[in-house]
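>>> Dropping the sequence and predicted coords here.
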Amino acid sequence: MSTEGAWPAATGLITLQSCASTMQEARQRFAEFTGPTWLLSHRQTGGHGRRGRPWANPAGAFTATLAIPHPGTAEAAAQRSFIAALALFDAVAEVTGRPEALSLKWPNDVLLNGGKLAGILLESLNPRPNGQLDGLLIGLGVNLIQPPEGSEVEARAVRPVALAAETGITVTPEDFLSHLAPAFAAHEQRFATHGFGPIRSAWLARAAKLGQTITARMPREEITGTFRSINEMGYLQLDTPKGLVGIAAAEVFF
């Protein structure tokens, strides 16, 4: 059933023509938010991805941040990456009608026809001594019209793709958000009610290269092994000659 137009209750929306980055804008405005709030910008001049890399914003791209006040613990906040990935998967599947062309790459990419269509970036706000966070920012970028230039893509990374070029389907950022926001709210409600278990199972059912050989690159080493699963905390589980290895954060290469 389509969720387009069913904007989630008690969820705010701010739309901008331009900003330095939606993450920065959400961080600066965070004190104003009384509940989950989406911040969408048509142009981003200073966005960044993981490890501070530039986050390209080609014309017509979807660039947004979801700000969540009081998301719980740092562990629960990190698990929202999988919720965001599932929501992106559902939104793209609704827009295209082609779920079979989609897969999810650990830890935070959405693939279309094997190429990177979308990415996710999380930022925690004000960790407390009791382990709770004041807030969580989830940045999401989707190549709706065209992919980034080749010079902006890291060596060995999955090739970038765009929705229009791969499917012939065009959608505006506002229309895409009308699918994405309800999808995220539905998975968030499932997470609040049942915990991470159902989210983990749904993510694994859509995982790219599950059961295949992949390489996880960390700051000090690379580990190659068979992608077996993710655990109850969302850590990558690699079967290696030295046994099963759990990895909390890494760049993954196929």
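Thanks, I have the structure now. Numbering: from 1, shown residues only.

>>> Please enumerate the helices of the stretch 101-250 of the chain.
Secondary structure of the stretch 101-250 of the chain, counting by DSSP state H, counting those that start in this stretch: helices at 163-167, 173-194, 196-204.

>>> ok now the second one, how far from the chain's centre?
Shown here is helix 173-194, whose average C-alpha point lies 12 Å from the average C-alpha point of the whole chain (C-alpha atoms, centre = their mean, to the nearest Å).

>>> got the angle for it vs helix 196-204?
Note on geometry: by axes from the mean of the first three to the mean of the last three C-alpha atoms, to 10 degrees, helix 173-194 and helix 196-204 are set 140 degrees apart in direction.

>>> who does helix 173-194 touch, helix- and strand-wise?
Under the contact definition 3 or more C-beta pairs under 8 Å, 6 or more residues apart in numbering; DSSP states H and E, helix 173-194 sits against strand 12-16, strand 37-41, strand 62-73, helix 74-96, helix 196-204. Bear in mind the C-beta positions are built from the backbone N, C-alpha and C, glycine included.

>>> Let me have the ones you listed in JSON lines, extended by distance to Glu149 and mean pLDDT.
As requested, the helices and strands packed on helix 173-194 are exported to JSON lines (distance: least, C-beta to C-beta, whole Å; pLDDT from 0 to 100):
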{"stretch": "strand 12-16", "distance to Glu149": "24", "mean pLDDT": "97"}
{"stretch": "strand 37-41", "distance to Glu149": "20", "mean pLDDT": "98"}
{"stretch": "strand 62-73", "distance to Glu149": "16", "mean pLDDT": "97"}
{"stretch": "helix 74-96", "distance to Glu149": "22", "mean pLDDT": "97"}
{"stretch": "helix 196-204", "distance to Glu149": "30", "mean pLDDT": "98"}
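
>>> what sits against the closest residue in space to Ser229 that isn't next to it in sequence?
Residue nearest to Ser229 in three dimensions, not counting chain neighbours: Gln237, with 4.4 Å by C-beta to C-beta, 6 or more residues apart in numbering. Contacts of Gln237 were listed using C-beta atoms under 8 Å, 6 or more residues apart in numbering, and they are Phe227, Arg228, Ser229, Ile230, Asn231, Leu244, Val245, Gly246, Ile247.
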